[in-house]
Structure formats: C-alpha cells, structure tokens
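> A predicted structure for the sequence below; I have some questions about it.
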Amino acid sequence: LISGKEAALAEQNSDEEVVKRVVKTLRHIFSSKDVPDPTAFKVTRWGSDPFSRGSYTFLPPGATDQDYAILQSPVAGTHLGLTMSSTETMRLFFAGEHTTSLHPSMAHGALLSGRRAAMEILGNIECTSVNSDTIDTVIPMSIFRSMNPNATLNCALCHLPGNQKKQGQLFAFQRNSKQVLVHSKCAELSPEVQVRNGDWKNVMKAVTRGRSISCSKCGKPGANIGCSHTECIHTYHVACAEQATGWNFERDGKRFLCWTHQDEQTREADAKATWDQAEYILKSDGLKHNLFSFPGDEGSDKEGTDRRSFAESATRGKIAAEKHSEDHRPESLSDSVLGLPLETVAETVETASTVISRSELNDPWNMSFSVDERHYLLGFMDKEGKQLPTEGKIVVSINEVRVGSKELANIQMVLDIMRTFTQLKVEFVTNAKS
C-alpha cells in the first residue's frame, strides 16, 4: 500500500516491476522468513482510473462521523430511512467507502459496504421505523439542524448549549415526528431512561416530565434527578446535583441521594448493593481482597475479622470509599488499606510464571489475593474452585513489574494493574522455603 508521489510513479511501471518491488520490501521486513514469489497478483492504478482518479473521502472541518450514517441511509419515496416514522418501501440504497464510518477511504470498506447494501436490498426492502412507545432514535445532528433551522441548540433538560463536561455530548433524539436535543448524561441519569445495546428508552418521556419540575438549586425546569429517599422532594439537574450535594454520579451511581439523606440508613442499603463488586477484609495476618467477585459464604462474620466495604464502579474500575461524613467515617479506610506497602522478594529465589486472564475488562476476575504479615503479596486464588499455580505463593512480579518497586509499591497499585488488563502474567516463587 503506497500513496502520494510513490503511488503516481508506481502506476508508470509494469505489473511485474511493481510486484518485484513489493516482494523485495516484504523480504526485507521479514528477513528471517522465506518469502516466496506470489502465485498470482493484481495491481491497481486508482490514479488513472477514470471513475476515481485517486480520490477518496475524508472528513473536512465541520463534518462528523454522523455524515457517514446519512450517506448510508436508504431512501424511500418521501423520507430518509433515518428519519421516517412509519413502515415505508425503500427504493434507493447506497454503498461505497464513503458510507462506512468503520472503514472509510479503504477498498475493503467499499467491499463491505456493498455486501451491507445487498443485504438491505434482499432482506429489508420494507423498512420499519425503530421508533416505538419507549425507544428513541439518535439521529445525526446535521439532520436535526436541517429539519429545525430555527431551533436553539440547547439541551431540553439543563438548557445548556453544546457538549458539556458534566452533562456529556449533546444528542438529537427522535420518536415518530418529534425531535429533541438532550445531553447524554442528562438523559441517562433520568430515572426512567434506560440505555441498552445502543438503544435509548424513554428519553422523550423524561423530557416531558422535566418540563414541570423545577431545580432545587437553580429554579429552572428540567430537573429530572430526584432524591431516592421516598419522602424527599428535592430535584436537580446533573451539574446542580453534584454542586449542591457533593454527589458524584460516576463514583456513587445513578441512585441519587440529596445531602440530607446521604448519611442516613439508605447509605447502608447502597453499600450493601455494592457488596458483590468489592470487599475488603482486614485480618490480623494480613489483607484479603475479592476483586469484582461475589463473597458468598466467606462474607459471614467471624471472630477477629474487621470488615471495610467500599463502593466500586464496575464499568470504570475506580475504587472509592463509601461516602461518609467526617464525623461518621470509619477508621482505616483507603489510606491505610489501599496504601499498605508491599515488600520486594530477593532476586536469588527460584521463580516460575503463569498467565491469568478474563474475557473483558468489565468481567469479574473471580479470584482473590492476600498479604502476609511480612507484607509479601501472596498469589491469586480462584473463587470457583479451580486450582491456580500461584495459590499461596509469594508473587515476584505482575506483567513484568516487580512487586514492591516504585511502580507496584502497594495494594492500590496491584488493584490498578488488575483493572487495566484482561491478562496478567504472574511470576511467583516456586521453592517451598520462601
């Protein structure tokens, strides 16, 4: 694959000369391999092709990836497939590298788009709108602006324009013939809104409800976020809720509590809801942590066991201590537990390595580790009964980062590296004496 002046010069050579140069380059790159001559080849010359002249699509200033969706959308007799509100017969379909946001400007993008268009023709001649009583379709902003040229580009809930740091990206939603602009977080954090597999449900319902609800902080309508306490009447916008109450939706979750009720018994219920996500057990002989796993029977109270539970954001992988007021904050929270220093194993010990993995970043590890009284990190133990080679062994390094070093000095850093990767290469001590 060549471009620029090299591509123009290559088109002047014969097919054999082009193939000879390509094979020479491959043999230089893969010098340790035996690269044979090709059994067949095809040389393209897009610059001299009368239907392309070497051109391909790109996104100029002001364009977005939503424009690919517009160019891809089939056309009925009266509407684009993106904006219609009923079942209509599609009459014109589009393919080409300019219709795919995943592989634009590429030959394989054009090929894949042609297959996609063919499937649309064969299986989707009659296209039914995905709109229903609950599902709201995200449409390109350019389409919203073309259909609503005089509309102000402000969120229908918080009334702020454009993309915002707290409220997120400004989306255009449509259900049937109605269209509205809402920030992603303003919609997602509304109690009735659900987001599953890219489908947004009840956004229009949330906007309609918000028109009659004023914010307890700023007094403006659109305050859909109410305190979860059954007897509380406080409601807020996203940013107002965080400013007025100290609540952090990314850290504390969607189930919002106002300042008055954050320290009451509902806090205990919220902590229990996160019990299956993270648990810390501080014992006389060290620390045991079950990362993203259900504690099961092991969570029962035992003599000599002091529990400290923490809220965990499973999607972001950030740990935060349970939200307590300063007067009610329990002893030995994150500083004392997560900051527990780890010792480095002597380099003279005999070691072995194994790989532990999970499928996705959000999947549970389903295992635990511990720290002994000498502050050595003891190997990972499987929570599902599967014997791991590292069980009970002193860990020397994780992903070639030495335990006890500056980069892996404490428990917090161990948790960080576990959250960051789906695969851990664990080096551990093999000799029993150690």
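Yes, it's here.
> Which of the helices and strands in this protein ranks last by mean pLDDT?
strand 306-313 (a mean of 30; mean pLDDT, DSSP states H and E).
> Assumed K425 was part of a strand.
Yes. Under DSSP: H, G, I helix; E, B strand; the rest coil, K425 sits within a strand.
> wait, doesn't it sit right on A352?
No. Taking Cβ atoms under 8 Å as the definition, K425 is not a contact partner of A352, at 11.3 Å. Where C-beta positions appear, they are placed from N, C-alpha and C, glycine not excepted.
> buried stuff in the longest helix along the chain?
For the chain, the helix with the greatest residue count under DSSP state H is helix 107-123. Under the neighbour-count criterion of 16 or more other Cβ atoms under 10 Å, helix 107-123 has G109, A110, L112, S113, R116, A117, E120 buried.
> Adding pLDDT and distance to Q179, write those residues out as CSV.
Shown next, in CSV, are those (pLDDT from 0 to 100; distance: Cβ to Cβ, whole Å):
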residue, pLDDT, distance to Q179
G109, 90, 30
A110, 90, 32
L112, 92, 30
S113, 91, 27
R116, 86, 26
A117, 86, 27
E120, 78, 24
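> quick one: which of these is nearest A10?
A110 (20.6 Å; Cβ to Cβ).
> my guess is that closest one contacts A95, does it?
Yes. Taking Cβ under 8 Å as the definition, A110 is a contact partner of A95 at 7.2 Å.
> Is it correct that V355 falls within a strand?
Yes. Using three-state DSSP, the secondary structure at V355 is a strand.
> Once you drop chain neighbours, what's closest to it?
Nearest non-adjacent residue to V355, counting by Cβ to Cβ, 6 or more residues apart in numbering: K425, 5.4 Å away.
> try H229
Spatial nearest neighbour of H229, chain neighbours left out: H261 (4.2 Å); criterion: Cβ to Cβ, 6+ apart.
> where does the stretch 101-250 of the chain dip in pLDDT?
Counting by pLDDT under 70, the stretch 101-250 of the chain has low-confidence residues at 123-134.
> what sits against R27?
Counting by Cβ atoms under 8 Å, 6 or more residues apart in numbering, R27 makes contact with V35.
> again with L378
Shown in contact with L378 (Cβ under 8 Å, 6+ apart): G286, F369, S370, V371, D372, G392, K393, I394, V395.
> For it, pull up the helix or strand it's in.
Under the criterion of DSSP states H and E, L378 resides in strand 377-382.
> and what of E343?
Going by DSSP H and E, E343 is not part of any helix or strand.
> sec struct for the residue lying closest to it once chain neighbours are set aside, please.
Nearest non-adjacent residue to E343, counting by Cβ to Cβ, 6+ apart: H375, 4.5 Å away. Using three-state DSSP, the secondary structure recorded for H375 is coil.
> Phi, psi for H375 please.
Note on H375: its backbone torsions stand at phi 70, psi 30 [degrees, to the nearest 10].
> so it makes contact with T344?
No. Using Cβ under 8 Å, H375 is not in contact with T344, being 9.8 Å away.
> thought V75 was touching E120?
No. Counting by Cβ under 8 Å, V75 stays clear of E120, with 11.5 Å between them.
> can you list residues touching both of these two?
Shared contacts of V75 and E120, defined by Cβ under 8 Å, 6+ apart, are found at M90.
> re earlier: now, which of the contacts of L378 lie within strands?
The strands, defined by DSSP state E, take in G286, F369, S370, V371, V395 from these.
> Helices along the chain, start to end?
Using DSSP H, helices in the chain cover 4-10, 15-29, 66-72, 107-123, 141-147, 184-188, 203-210, 238-245, 249-252, 265-273, 334-337, 411-420.
> Extract the C-alpha set from stretch 169-181 and format it as CSV.
Provided in CSV are the C-alpha atoms of stretch 169-181 (Å, rounded to 0.1, in the frame of the first residue of the first chain):
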residue,chain,number,x,y,z
GLN,A,169,-22.4,15.1,24.4
LEU,A,170,-25.5,16.8,23.0
PHE,A,171,-27.6,14.2,21.1
ALA,A,172,-30.5,14.7,18.8
PHE,A,173,-33.3,12.2,19.6
GLN,A,174,-36.4,11.3,17.6
ARG,A,175,-39.6,9.4,18.2
ASN,A,176,-42.1,9.4,15.4
SER,A,177,-42.3,13.0,14.2
LYS,A,178,-40.9,14.6,17.5
GLN,A,179,-37.3,15.6,17.8
VAL,A,180,-35.4,17.0,20.8
LEU,A,181,-31.9,17.8,21.9
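> Quick one: distance of it to the chain centre.
Its chain's C-alpha centre and that of stretch 169-181 lie 23 Å apart, by Cα atoms, centre = their mean, to the nearest Å.
> And for stretch 232-241?
On Cα atoms, centre = their mean, the centre of stretch 232-241 falls 26 Å from that of its chain.
> buried set for that stretch?
Residues of stretch 232-241 classed as buried by neighbour count (16+ other Cβ under 10 Å): C232, H234, T235, Y236, H237, V238, A239, C240, A241.
> would you list the residues you listed in JSON lines and tack on distance to I139?
Shown next, in JSON lines, are these (distance: Cβ to Cβ, whole Å):
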{"residue": "C232", "distance to I139": "36"}
{"residue": "H234", "distance to I139": "34"}
{"residue": "T235", "distance to I139": "29"}
{"residue": "Y236", "distance to I139": "28"}
{"residue": "H237", "distance to I139": "24"}
{"residue": "V238", "distance to I139": "23"}
{"residue": "A239", "distance to I139": "25"}
{"residue": "C240", "distance to I139": "28"}
{"residue": "A241", "distance to I139": "28"}
